[in-house]
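# Predicted model, plus sequence, below.
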Amino acid sequence: MSTGRQLPQIVSRGAPRLRPDPGRVISVLFVPGEEMTHGDSRAAAVAERILAMDDADVTSTLAELERRFAHRHRRLEESWSAHFQLAARRLGRVDNVPAEKALLIGAYFTREVALEGAALFNPSMVPHPDQSGLGPGEARFVMSLRAVGEGHISSIELRTGTVDASGTVRIDSPGPFSECGHHSPGPYRRDLFHRKLAERGYDNRAAALVLDRLKSRFGPEELDRALDSVHIELSSRSAPREALAGIRWVAASNYTVEFAAETQVGERVLWPHGPAESHGMEDARFVRFVDGDDVTYFATYTAFDQVSVSSQILATTDFRRFEVCQLTGPFSADKGMALFPRKVGGRYAALSRWDREHLAVAFSDDVTEWDEATTLSLAPRPWEIVQIGNCGSPIETPQGWLVLTHGVGPMRTYAIGAVLLDLEDPRRVLGKLAQPILVPSEDERDGYVPNVVYSCGALVHDQTLIVPYAFSDCAVSFARVSLTEIVAALTASGGVPAH
């Protein structure tokens, strides 16, 4: 199939380029010894040495730490205090520790992490909720990025910027600090607990001993009371004991993050917190979702616990408070889910790559449960034979849903293509480009993962598609695509024959 067009003519690359900054750091808990995979904690011995320190040494050590680190963290002493409390719980010693020694213990149980120490890539863009104070033809955006640091742990960073009338992108400074926000458990849904426990093979009859005591929606306090009410004889049996552990696992995986009002959006970092994402929050695909008068920014992302991957979702209205929730159902499996920006036929819809190889459209009455999907009929081209997936949420046009895709071909080369889906029934393919619109240029081929271009979501500005993309997993650049031209090319390509 040929579109009769030279596709590179409708795409232009442009500045700026974002590269990893090893100076962007956060402070996180550090337990000596536990940094090793099979290491034993040396926390008690370290704490005893600090408690035995001379008071003058404690004071001078704290002063030196303040001098060296206070300019790198907005609330350094708060971090030390919080980490002291966590350490004290492990050690069983909270009372009667002098204030300065408590702070110093917290400092010893703190480490800096360079968020972008290894890589910065896989961006997505959405309109900023605040579009005030802009010039003619300008739009403000929020961009997410996958940052990889020590231990190959991924986090989700945020940036802001503007696009002007000519399609020129400007990125704001991220701010002087990086912060992870305050985490709190919940809110919880009983049906999600049942579904997630069943997926993981726990005995739901045993789980019901706890969950049936709760309302359909509940908070951490109610859950704690229900767990405490389980009779000790039941909790000593194998199935109930495993179910109780599973309930605690689900509870820890669903949480809320809130950032202080004084922080800039670009300073906010979504750092792995739940057990399902302990080794990474990867490739967030943000979308501005409209449901009547309500606007919510959703992001589906890949959670990695060092053994398996799963899809999770976060939701925000202001990029200050985020609710993180697990997804269930076979079509939320694996990587690369992307929500449609509105309901289709009264239901939530999402792109899925549940079988790891093909693009599918899934439907749900509940944004957390995905039990129905149809694999799209997309005859693969040579540049996408290994797999085809999405590069972010579909973009609505009068002619259909425009979906940017990624394809993997020989020599594990990634390229970005496009398909057009029917507005009323996105399972029906209206067009597919025969050639990719973006492949790695010669100066984009070398990096952490060579020969890759990849995006997690583009932004429409006037009639220009702004495509942020990572190249070779080492940096981020931007391409401009004529929306009119790409839709015309897709419409001219005609329907796509089935496999």
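That came through fine.
# domains of this structure?
7-21+115-182+255-493, 25-114, 187-253 (automatic domain parsing).
# Can you list the strands that the host helix or strand of Gly431 pairs with?
Gly431 is part of strand 429-432, with elements assigned from DSSP states H and E. Partner strands for strand 429-432, per DSSP bridges, with pairing direction: strand 414-421 (antiparallel).
# Using CSV, write out every CA atom in the partner strand.
What follows is strand 414-421, C-alpha atoms only, in CSV (Å, rounded to 0.1, in the frame of the first residue of the first chain):
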residue,chain,number,x,y,z
TYR,A,414,11.8,1.5,16.5
ALA,A,415,9.8,3.8,14.2
ILE,A,416,6.7,5.9,14.7
GLY,A,417,3.7,5.4,12.3
ALA,A,418,0.0,6.3,12.3
VAL,A,419,-3.4,4.7,11.8
LEU,A,420,-6.9,6.2,11.7
LEU,A,421,-9.8,4.5,13.5
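# taking the mean pLDDT, what do you get for it?
When pLDDT is averaged along strand 414-421, the result is 97.
# same question, stretch 215-224
On average, stretch 215-224 scores 96.
# One more: stretch 122-131?
Per-residue scores along stretch 122-131 average to 98.
# Stretch 464-476 too?
On average, stretch 464-476 scores 95.
# Now Met411: closest residue in space, sequence neighbours ignored.
Asn451 (6.3 Å; Cβ to Cβ, 6 or more residues apart in numbering). All C-beta spots, glycine's among them, are computed from the backbone N, C-alpha and C.
# Most tightly packed of the domains of the chain?
Using mean count of other Cβ atoms under 10 Å, the stretch among the domains of the chain with the greatest mean number of neighbours is domain 7-21+115-182+255-493 (a mean of 19).
# distance of the residue lying closest to Thr413 once chain neighbours are set aside from Asp473?
Sequence neighbours aside, Asn451 is the residue nearest to Thr413 in space, at 4.4 Å (criterion: Cβ to Cβ, 6+ apart). As judged by Cβ to Cβ, to the nearest Å, Asn451 and Asp473 stand 10 Å apart.
# for Pro410, same thing?
Pro410 is 19 Å from Asp473, by Cβ to Cβ.
# Flag the shaky bits of the stretch 351-499 of the chain, pLDDT-wise.
Within the stretch 351-499 of the chain, the segments meeting pLDDT under 70 span 494-499.
# In it, what residue spans correspond to helices?
Assignment of helices within the stretch 351-499 of the chain using DSSP state H, counting those that start in this stretch yields the ranges 483-493.
# I figured Arg412 hits Arg445, correct?
No - between Arg412 and Arg445 there is no contact under Cβ atoms under 8 Å: 11.8 Å.
# intersection of neighbour lists for the two?
Asn451 (Cβ atoms under 8 Å, 6 or more residues apart in numbering).
# any idea how far Pro174 is from Gln264?
7 Å.
# what does Leu459 give?
For Leu459 relative to Gln264 (Cβ to Cβ), the value is 20 Å.
# same thing with Asp318?
According to Cβ to Cβ, Asp318 stands 13 Å off from Gln264.
# check which helix or strand covers the most centrally placed residue in the chain.
Nearest to the mean C-alpha position of the chain, by Cα atoms, centre = their mean, lies Ala284 at 3.7 Å. Using DSSP H and E, Ala284 falls within strand 281-291.
# Show me what that strand is packed against.
Strand 281-291 sits against strand 119-127, strand 139-148, strand 154-163, strand 294-304, strand 338-339, with contacts defined as 3 or more Cβ pairs under 8 Å, 6 or more residues apart in numbering; DSSP states H and E.
# export the fourth one as PDB, just CAs?
Listed in PDB are the C-alpha atoms of strand 294-304, where the atom choice follows Å, rounded to 0.1, in the frame of the first residue of the first chain:
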ATOM      1  CA  ASP A 294     -15.700  17.200  34.300                       C
ATOM      2  CA  VAL A 295     -12.000  17.200  33.200                       C
ATOM      3  CA  THR A 296      -9.600  14.700  34.700                       C
ATOM      4  CA  TYR A 297      -6.000  14.100  33.700                       C
ATOM      5  CA  PHE A 298      -5.400  10.300  33.600                       C
ATOM      6  CA  ALA A 299      -2.200   8.600  33.000                       C
ATOM      7  CA  THR A 300      -1.700   4.900  32.500                       C
ATOM      8  CA  TYR A 301       1.800   3.600  33.200                       C
ATOM      9  CA  THR A 302       3.800   0.400  33.600                       C
ATOM     10  CA  ALA A 303       4.500  -0.700  37.200                       C
ATOM     11  CA  PHE A 304       7.600  -2.900  37.600                       C
END
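# immediately after that strand, which helix or strand?
strand 309-316.
# then that following strand to PDB, C-alphas only?
Extracted C-alpha coordinates of strand 309-316, given in PDB (Å, rounded to 0.1, in the frame of the first residue of the first chain):
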ATOM      1  CA  VAL A 309       5.000  -5.700  35.000                       C
ATOM      2  CA  SER A 310       1.500  -4.500  35.300                       C
ATOM      3  CA  SER A 311      -0.600  -1.500  34.200                       C
ATOM      4  CA  GLN A 312      -1.700   1.100  36.700                       C
ATOM      5  CA  ILE A 313      -3.500   4.400  36.500                       C
ATOM      6  CA  LEU A 314      -3.200   7.800  38.200                       C
ATOM      7  CA  ALA A 315      -5.600  10.600  38.100                       C
ATOM      8  CA  THR A 316      -5.400  14.300  38.800                       C
END
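# That strand to strand 281-291, inter-axis angle?
On the basis of axes from the mean of the first three to the mean of the last three Cα atoms, to 10 degrees, strand 309-316 is oriented at 50 degrees to strand 281-291.
# Now do the helix or strand following strand 309-316 and strand 281-291, the angle between them.
For strand 309-316, the succeeding helix or strand toward the C-terminus, using DSSP H and E, is strand 321-326. Interaxial angle, strand 321-326 versus strand 281-291 (the same axes, to 10 degrees): 110 degrees.
# contacting residues around strand 321-326?
181, 187, 192, 196, 250, 253-259, 270, 273-274, 276, 303, 310, 312-316, 368.
# same check, this time on stretch 54-65
Contacts for stretch 54-65 (Cβ under 8 Å, 6+ apart): 50, 53, 98, 100-101, 103-104, 107.
# at 6 Å what do you get?
100-101, 104, 107 (Cβ atoms under 6 Å, 6 or more residues apart in numbering).
# How far does stretch 362-369 sit from its chain's centre?
Centroid separation for stretch 362-369 versus its chain: 19 Å, with Cα atoms, centre = their mean, to the nearest Å.
# Pull the distance from stretch 160-179 to the chain's centre.
On Cα atoms, centre = their mean, the centre of stretch 160-179 falls 20 Å from that of its chain.
# if we can go back for a sec, among the helices and strands packed on strand 281-291, which is nearest Leu214?
strand 294-304 (24.3 Å; Cβ to Cβ).
# Could you tell me the angle between the closest one and strand 281-291?
160 degrees.
# Excluding sequence neighbours, find me the nearest residue to Arg200.
That would be Gly246: by Cβ to Cβ, 6+ apart, it lies 6.1 Å from Arg200.
# and stretch 366-377, how far apart are its ends?
26 Å (Cα to Cα, to the nearest Å).
# which residues sit against that stretch?
192, 325, 327-329, 331-332, 348, 352, 358-364, 427, 429, 498.
# go on, stretch 466-479?
11, 13-14, 17-19, 119, 121-123, 125, 163, 169, 438, 440, 444, 447-450, 452-455, 458-459, 481.
# same question, stretch 395-410
Contacting residues not belonging to stretch 395-410 are listed as 382-384, 386-391, 394, 414-423, 426, 430, 454, 460, 487, 491 [Cβ under 6 Å, 6+ apart].
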